[in-house]
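Colleague: Pasting the sequence and the predicted coordinates here, then a few questions.
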Amino acid sequence: MTLTLVVPDRPRTTPSGGDRYDASVASAWARRGRPPRVEAVPGSWPRPSAEDLRRLAHVLAAAGDGPVLVDGLVGSVSPEEIERSAAQRPTVVLVHSTLADGAGAVGDDAARFDALEGRALGAASLVVATSGWAQAELARRFGLKGVVVALPGTDAAQVAAGSDPPQMLTLAALTPMKNHLVLLAALHQVVDLPWAAVLVGPAPDDAHLATVLAAVRERGLSDRVRLPGALVGDALDRAWAATDLLVHPSRIETFGLVVTEAHAHGIPTVVGAGTGAEEALRGEESLGGDTEDRDADGGPSSAQPGAAVTVDAPDELALLLRRWLTDTDLRGRWRASALRRREVVPGWDRTVDLLDAALDRLAR
């Protein structure tokens, strides 16, 4: 029977990590001769209108008896539709990020999202998360048991040549959750050193974009920091090729596909501590294992391709960036570790193997 993959209909010019995950597993299934039926549902997800929900209900009703895998941005906010679908066929919700976290919701808005999501995930035949961190968070937040982890894969990539002076890259939407303002505060503290930075990503909120641009100007970083917007295709490839360090200090991150993408280019990474991005930094072998990211002297570990820092501590981030910029030995070790990681980063076939195993269990 054909698998139906239900995804949000969003512009291909501004793909998120969740969009890349969905497209990559669909392509991996197609390479195996089992292309899923991909249904892109228009709507203002995760804040759908009544008409958006009617369109989703129509798509699910037409899915037949085969299993349905629904992207969480759509499914987690649609409990009634998931309940009806699960009564007819195996219905899986794929959680890239919890609704409240992904929307940056707080207070009553976050509570409303949690109520919808808890009900939707409880009604699903199975829930799939994209990291061990997310699995634990779903258990903590909603009491969910038996959540399957299907870690993202990574496409093979060319080794980045880097730049002179060294160039840092942040690849994320310009939203408060992604923490660009803390990064700019840290960069302001290392202006005495040679470097450049590129903040790549769409700007969904004009007011926040204005705040970020003002921070760049007020901190005197206009000649150091570029904001080219969202990049895809060759333009994104050129940005990766010129990068020496990915800085991803996001406050909340389910996994951080961009981190493993950096490693696939041989680029070390700095991530937010206490987020799922630490899992990507440590590598798959760290699931359930040692999470130590410090050397005996308390400095950043050279065994990993980078380090994790407190998400709202610009002084700590600045100190780490200063060490990376000035300690050529550390920079070389991080680079060597990233190049080693590049050789073992799993591809998308591994992700599909995990998804297939979960779907097979549902069919029994």
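Modeller: Happy to help now that I have it. Residues are numbered from 1 along each chain as shown.
Colleague: got any ranges where this protein has weak pLDDT?
Modeller: 13-14, 284-302 (pLDDT under 70).
Colleague: What are the structural domain limits within it?
Modeller: According to automatic domain parsing, the chain comprises the domains 4-153+346-363, 167-342.
Colleague: Regarding the shortest one, how distant is the last residue from the first?
Modeller: The first residue of domain 4-153+346-363 is 15 Å away from its last residue (CA to CA, to the nearest Å).
Colleague: now that domain, how far from the centre of its chain.
Modeller: 15 Å (CA atoms, centre = their mean, to the nearest Å).
Colleague: now swap in the longest one and tell me
Modeller: Relative to its chain's centre, domain 167-342 lies at 13 Å (CA atoms, centre = their mean).
Colleague: ok so, going back, got the domains of the chain as CSV, with mean neighbour count and distance to residue 159 columns?
Modeller: Where C-beta positions appear, they are placed from N, C-alpha and C, glycine not excepted. Formatted as CSV, the domains of the chain follow (neighbours: other CB atoms under 10 Å; distance: least, CB to CB, whole Å):
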stretch, mean neighbour count, distance to residue 159
domain 4-153+346-363, 19, 17
domain 167-342, 19, 4
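Colleague: As TSV, these with distance to residue 161 would be great.
Modeller: TSV is the format used below for these (distance: least, CB to CB, whole Å):
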stretch	distance to residue 161
domain 4-153+346-363	23
domain 167-342	6
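Colleague: between those domains, which one is nearest to residue 160?
Modeller: domain 167-342 (4.4 Å; CB to CB).
Colleague: All the strands of the protein, in order from the start?
Modeller: With DSSP state E as the criterion, the chain has strands at 4-8, 37-41, 68-71, 91-95, 126-129, 148-149, 167-171, 196-200, 225-229, 245-248, 269-272, 306-309.
Colleague: could the ones you listed be laid out in JSON lines, adding distance to residue 209?
Modeller: What follows is these, written out as JSON lines (distance: least, CB to CB, whole Å):
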{"stretch": "strand 4-8", "distance to residue 209": "22"}
{"stretch": "strand 37-41", "distance to residue 209": "26"}
{"stretch": "strand 68-71", "distance to residue 209": "26"}
{"stretch": "strand 91-95", "distance to residue 209": "28"}
{"stretch": "strand 126-129", "distance to residue 209": "31"}
{"stretch": "strand 148-149", "distance to residue 209": "34"}
{"stretch": "strand 167-171", "distance to residue 209": "14"}
{"stretch": "strand 196-200", "distance to residue 209": "11"}
{"stretch": "strand 225-229", "distance to residue 209": "8"}
{"stretch": "strand 245-248", "distance to residue 209": "19"}
{"stretch": "strand 269-272", "distance to residue 209": "21"}
{"stretch": "strand 306-309", "distance to residue 209": "24"}
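Colleague: Tell me if I'm right that residue 135 and residue 147 touch.
Modeller: Yes. The criterion here is CB atoms under 8 Å, and residue 135 meets it with residue 147 at 4.7 Å.
Colleague: what is in contact with those two at once?
Modeller: Taking CB atoms under 8 Å, 6 or more residues apart in numbering as the contact rule, residue 135 and residue 147 both touch residue 129.
Colleague: so how far is residue 82 from the spatially most central residue of the chain?
Modeller: The centroid of the chain falls nearest to residue 256 when counting by CA atoms, centre = their mean (3.5 Å). Separation of residue 256 from residue 82 (CB to CB, to the nearest Å): 27 Å.
Colleague: Not counting residues beside it along the chain, what's closest to residue 157?
Modeller: Once flanking residues are discounted, residue 157 sits nearest to residue 264: 4.3 Å by CB to CB, 6 or more residues apart in numbering.
Colleague: hang on, isn't that neighbour packed against residue 342?
Modeller: Yes. Assessed by CB under 8 Å, residue 264 is found in contact with residue 342 at 5.7 Å.
Colleague: Need the residues touching each of these two.
Modeller: residue 157.
Colleague: Am I right that residue 56 is in contact with residue 81?
Modeller: Yes. Counting by CB under 8 Å, residue 81 is a contact partner of residue 56 at 5.2 Å.
Colleague: Identify the residues contacting residue 97.
Modeller: Residue 97 sits in contact with 18, 72, 73, 134, 252, 254, where contact means CB under 8 Å, 6+ apart.
Colleague: With residue 326 instead?
Modeller: residue 193.
Colleague: how much space is there between it and residue 267?
Modeller: Taken as CB to CB, the span from residue 326 to residue 267 is 19 Å.
Colleague: now do residue 130
Modeller: Using CB to CB, residue 130 is found at 21 Å from residue 267.
Colleague: All set now, cheers.
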